[in-house]
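Novice: A structural model of the following input is requested.
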Amino acid sequence: MPAHQIRFLIPRRPRLVAITRNRVAAQVRAWGTVLDQETADTLDLLVSELVTNAVLHTRSLLITVGVQLERGRLRIEVDDDSTAPPTGTASDPLDAWQDESGRGVHLIAELAAGHGWEPLHRGKRVWFELVVAEPTRTRARAALLRRAARAVRRSPRWPIAARSVIRRGSVAVPLRPRPDPADALIARRADGSPVRSLTCGDRIRRMLGSQGPIAA
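Specialist: Below is the predicted model:
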């Protein structure tokens, strides 16, 4: 399994080519990879050509874009529902270049470190690879921390405001209030007034189900 990979779906809309190109470049940088200007331009160009070819020459409702990065090798994949070979895969490269619809595939053949296509159970997959600089440990760690921070921001905030009742049909069922964690650390009298803070032994006995401290 590659060190980094992501797959996402896009509708077959020409206006989404630029959005896909920007998303791929942003994802590669988020993994800690430094792209020089030449590599970044090549990546933008080839992603645009690959996605455009799927948008214009297939009838797929959705197109799958895959991005994989492992050991300095960046692989971009585009899956569609068409079983026909990619447009422009003529036996003579000059014929493919002279054909308006085949220039994208010819560009990929000239600029990519590797390229190809393969049939799938439904449709085909067209891909190319570029050689990129491997992310340093510092950049890779920073990228990992950013991913963790985004996961935390997407998680629900605590405490969560609980509803006092829930509806089951036409019947309102009251909910028990969420216990306050701080209450487990304080012993209270019958009237609710605190007695004293629990000692470590008191906490252990409570966890084991023993009776709590007796008020004096």
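
Novice: residue ranges for the helices of this structure, please.
Specialist: 16-30, 37-57, 93-98, 103-111, 137-154, 200-207 (DSSP state H).

Novice: how about the first one: buried residues?
Specialist: In this case it means helix 16-30. In terms of neighbour count (16 or more other Cβ atoms under 10 Å), helix 16-30 has its buried residues at 16-17, 20-21, 23-25, 27-28. Any C-beta I mention is one placed from the backbone N, CA and C, and that applies to glycine too.

Novice: averaging pLDDT over each of the helices of the chain, which comes out lowest?
Specialist: Note on the helices of the chain: helix 93-98 shows the lowest mean pLDDT, a mean of 40.

Novice: give the contact list for Leu62.
Specialist: For Leu62, the contact set (Cβ atoms under 8 Å, 6 or more residues apart in numbering) comprises 9-12.

Novice: So of the residues you listed, which two are at opposite extremes in space?
Specialist: Pairwise distances across the contacts of Leu62 peak at 10.4 Å for Leu9 and Arg12 (criterion: Cβ to Cβ).

Novice: who's more crowded, the two?
Specialist: Shown here are Leu9 and Arg12; by other Cβ atoms under 10 Å, Arg12 has more neighbours (17 against 10).

Novice: right, and that one touches His57 too?
Specialist: No. If you go by Cβ atoms under 8 Å, Arg12 and His57 don't touch, sitting 10.4 Å apart.

Novice: count of neighbours near Thr64?
Specialist: Counted with other Cβ under 10 Å, the neighbours of Thr64 add up to 18.

Novice: sorry, back to before: inside strands: which ones of the contacts of Leu62?
Specialist: Counting by DSSP state E, the part of those found in strands is 9-11.

Novice: which among those residues gets closest to Thr64?
Specialist: For the ones in strands among the contacts of Leu62, the nearest to Thr64 is Leu9 (5.7 Å; Cβ to Cβ).

Novice: burial measure for the residue lying closest to Arg122 once chain neighbours are set aside, as a count.
Specialist: Distances taken as Cβ to Cβ, 6 or more residues apart in numbering place Asp81 nearest to Arg122, at 6.2 Å, with adjacent residues excluded. With neighbours defined by other Cβ under 10 Å, the count for Asp81 comes to 17.

Novice: which two from the buried residues of helix 16-30 end up farthest apart in space?
Specialist: In the buried residues of helix 16-30, the most distant members under the criterion Cβ to Cβ are Leu16 and Val28, with 18.4 Å between them.

Novice: Which one of the ones in strands among the contacts of Leu62 is nearest to Thr52?
Specialist: Nearest to Thr52, judged by Cβ to Cβ, of the ones in strands among the contacts of Leu62 is Ile10 at 11.9 Å.

Novice: contacting residues for that closest one?
Specialist: 16, 19-20, 51, 62-63, 65.

Novice: now these as JSON lines including distance to Val132?
Specialist: Below are the contacts of Ile10 laid out as JSON lines (distance: Cβ to Cβ, whole Å):
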{"residue": "Leu16", "distance to Val132": "24"}
{"residue": "Ile19", "distance to Val132": "22"}
{"residue": "Thr20", "distance to Val132": "18"}
{"residue": "Val51", "distance to Val132": "19"}
{"residue": "Leu62", "distance to Val132": "28"}
{"residue": "Ile63", "distance to Val132": "23"}
{"residue": "Val65", "distance to Val132": "17"}
